[in-house]
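# okay, structure incoming, though there's no sequence with it:
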Ligand code: CP
Ligand code: NVA
């Protein structure tokens with residue numbers, strides 16, 4: 001039966017660890033020029049309702065490296081849910097392709113695609129979550145730390161889609177996850193409660209970024225206004241002005257703290273130039289690992 005990847009909670013902890021191993025193996029082989037065309041002849045339809053640099057290019061590159069092909073569908077082309085229903089698109093693409101990756105506004109649309117497709121559907125970001133990002137980020141943390149033992153992650157900023165995927169990850173891999181968010185911008189309350197009920201990790205919301213940063217192994221942030229929230233940018237700039245990853249926070253954290261950002265970054269807003277470009281920053285390692293972890297996801301879901 002086909003499997004989708006809409007959220008990190010679609011995977012067990014064991015499956016997540018197996019994806020890390022497979023990604024590490026594919027990465028090593030690719031760098032040595034010893035990669036096999038595991039998905040030879042397979043095609044991935046990539047539907048985009050929003051712009052992208054990393055997601056589009058890493059998925060497309062990944063498919064080519066695996067011997068397959070990816071088809072990019074730009075935001076103004078398909079009119080998913082407008083020109084044509086997600087159910088119809090899902091059934092048509094299932095007749096042509098071996099997988100669908102979609103970046104959408106509404107997570108429900110993604111779920112509808114998955115319900116009606118007979119091929120795997122992968123979430124390339126929705127307003128609810130961004131699971132490929134956090135899988136790639138955890139692979140990057142593993143490469144830098146060697147293990148996840150005693151991991152404390154401090155999220156600074158908006159309780160948005162990327163934050164939700166961090167919470168999902170905390171439901172699978174034990175960690176201390178502290179999210180410093182301004183009042184009114186918390187992650188989904190029910191999700192936080194569910195994560196704490198699962199008892200795998202401790203998930204806390206605080207209002208003071210310095211408190212979150214204290215002794216943290218990872219300082220993570222994302223834009224103050226996500227794609228689709230452009231009209232709220234001015235209001236958000238005021239609300240988030242004290243929620244920046246900068247040298248003060250880096251000093252509060254562990255000496256070997258990893259500074260992370262999913263990118264694109266707005267220097268001087270959610271992250272200072274010095275933190276982003278400083279010696280603790282691993283933002284380009286994490287961007288690279290989108291490629292390797294997504295190849296592992298593609299192989300796992302699409303190889304027959
Ligand atoms: N981090 C990330 O998903 O980047 P893009 O929006 O450029 O794809
Ligand atoms: N929260 C951001 C993430 C971009 C990768 C957005 O949704 O725009």
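Sure, I can see it. Keep in mind it's a predicted model, so treat the numbers as computed, not measured. Ligands and ions are numbered 1, 2, ... in the order given.
# number of residues surrounding whichever residue of the stretch 151-300 of the chain sits closest to ligand 1?
At 4.0 Å from ligand 1, residue 262 is the closest residue in the stretch 151-300 of the chain, using CB to the nearest ligand atom. (Glycine included, C-beta is placed from N, CA and C.) The burial count assigned to residue 262 is 23, neighbours taken as other CB atoms under 10 Å.
# list phi and psi for it.
In terms of degrees, to the nearest 10, the main-chain angles of residue 262 are phi -70, psi -20.
# what's the answer for residue 167, then?
phi -70, psi -40.
# enumerate the residues of the chain near ligand 2.
Within reach of ligand 2 by CB under 6 Å from any ligand atom, the chain has these residues: 125, 160, 161, 162, 222, 223, 226, 227, 262.
# for residue 155, give me its contacts.
Going by CB atoms under 8 Å, 6 or more residues apart in numbering, residue 155 touches 163, 166, 177, 178, 179, 180, 181, 212, 220, 221.
# narrow those residues to those in strands?
In strands, judged by DSSP state E, the following of the contacts of residue 155 are found: 177, 178, 179, 180, 220, 221.
# tell me the predicted confidence for the spatially closest residue to residue 40 that is not a sequence neighbour.
Using CB to CB, 6 or more residues apart in numbering and skipping residues adjacent in sequence, the residue nearest residue 40 is residue 67, 3.7 Å away. Model confidence at residue 67, given as pLDDT, is 98.
# equivalent analysis for residue 173, please.
We have a pLDDT of 98 for residue 173.
# and it, that one's in a helix?
No: with DSSP: H, G, I helix; E, B strand; the rest coil as the criterion, residue 173 is coil rather than part of a helix.
# how many neighbours does the closest residue to residue 51 other than its chain neighbours have?
Nearest non-adjacent residue to residue 51, counting by CB to CB, 6+ apart: residue 227, 6.8 Å away. Residue 227: 16 surrounding residues under other CB under 10 Å.
# give me the number of residues near residue 236?
Applying other CB under 10 Å, we find 22 residues neighbouring residue 236.
# before we move on, what about the one 10 residues further on?
Residue 246 is flanked by 22 other residues according to other CB under 10 Å.
# report pLDDT for it.
The model reports residue 246 with a pLDDT of 98.
# between the ones in strands among the contacts of residue 155, which is nearest residue 204?
Among the ones in strands among the contacts of residue 155, residue 178 lies closest to residue 204 (CB to CB), at 5.0 Å.
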